[in-house]
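Trainee: What follows is a predicted structure for the sequence shown.
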Amino acid sequence: MSYGFKEFSIEVLKKVNKPLGKMDIWKEGVRLGLDKKLETQGKTPWYSIGAQIYTEIKNKKDKSRFKQVSNRPALFALVSQNFSEATIKNSLVEMDNEGKQEYHYNERSLHPVLVKYLFSNSHFKCLTKTIKHERSTKGKLHQDDWVHPDLIGIYFPYDDFEELTIKTLSILNEKSYKIFSFEMKIEINRATLRKEYFQAVSNSTWANEGYLVAANIAEDDDLLSEMSILNSAFGIGIIKLNIEIPEQSEILFYAKQKNEIDINMLDKLISKNRDVKEIFQCLKDSENLSRIVNENKFDEVLDDEKYKEHLLTKIKNQKQDFC
């Protein structure tokens, strides 16, 4: 039987007998000499450990050998292990004392994180495209950051419904697809929330759902309260990205769905920006044929290996390890 990262993680968690993050699983395994049993390691074995554990938890559910006992940061244990809240808190304190991972990134380098999450999440299941503002024709729209979204996502229903169901929806004047708008930020805090939130409001009048997205959102009760008030009043949702495991990103507040959209604004976007024009042409052609056409017009959904490369090259870390 082959000895891979899952077997490695199981043996480490059994021997150490406390909840561990993916980097600590790797460090403890090296300390115990278990890394020598691995058939392959790669450049970022800790990332592979986290991804494989999370995938088993997500896909195997009740049959998973692992469980996650903490979200931020993620701590894992074996299903057979029962740890007290005090033990889990101690593990979190130890992780904090070692220092949390710090990253250098710009907004666009976060786009593949969101794209990977949106494709995997059951609420969205959408293909997503980066809208490059610099590709717009000159004029007021080109200069106005409060008009362009950063990304547009479209949910295509063709793998989820029978063809007859989709055609019936058309007869009943119901749309089988859904259009999403996303405003990307590096950070959201109390000082910037209102400006960033209303930028997302302005950028999403033409979409069924609009979201404000960031990787760094302060864990602040007053900030969350203000987000809740804005969400109730204006309907823009908020997503917190998980850079290391995109599938574990969180919808902090769901967007309110709009059935009627701002056609005039959509028309301006289509006329001024060819990225927008391309994906709505794709939507039109796909709806006519009841299948996705020109899927390559959207951003690539990176597989785990390509995402690891993106993490290393585009989202640069200040330290040499992931905690």
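Mentor: Looks like it arrived, so ask away.

Trainee: Could you find the residue nearest the spatial middle of this protein?
Mentor: The residue lying closest to the centre of the chain (CA atoms, centre = their mean) is Tyr117, at 3.2 Å.

Trainee: three-state assignment of that residue?
Mentor: Of the three states, Tyr117 takes helix under DSSP: H, G, I helix; E, B strand; the rest coil.

Trainee: close enough to count as contact, it and Glu244?
Mentor: No: using CB atoms under 8 Å as the test, Tyr117 is too far from Glu244 to be in contact (11.9 Å). To be clear about C-beta, it is placed using only N, CA and C from the backbone, and glycine gets the same treatment.

Trainee: Out of the helices and strands in this protein, which is least certain?
Mentor: helix 140-143 (a mean of 48; mean pLDDT, DSSP states H and E).

Trainee: Buried residues of the following helix or strand past that one, list them for me.
Mentor: Per DSSP states H and E, helix 140-143 leads on to strand 151-155 as the next helix or strand towards the C-terminus. Taking 16 or more other CB atoms under 10 Å as the basis for neighbour counts, the residues of strand 151-155 that come out buried are 151-155.

Trainee: Now Ser48: which helix or strand?
Mentor: helix 45-60.

Trainee: Can you give me the neighbour number for the closest residue in space to His133 that isn't next to it in sequence?
Mentor: In space, and not counting its chain neighbours, His133 is closest to His148: 4.9 Å by CB to CB, 6 or more residues apart in numbering. A count of nearby residues for His148, using other CB atoms under 10 Å, gives 24.

Trainee: right, and His148 touches Glu134 too?
Mentor: No: the pair His148 / Glu134 is not scored as a contact, 10.1 Å apart, by CB under 8 Å.

Trainee: Going along the chain, name the strands of the stretch 1-150 of the chain.
Mentor: Read by DSSP state E, counting those that start in this stretch, the stretch 1-150 of the chain holds these strands, from start to end of the chain: 66-70, 75-78, 103-104, 127-130.

Trainee: Ok, which of those strands comes nearest Asn189?
Mentor: The closest approach between Asn189 and any of the strands of the stretch 1-150 of the chain, judged by CB to CB, belongs to strand 103-104 at 16.8 Å.
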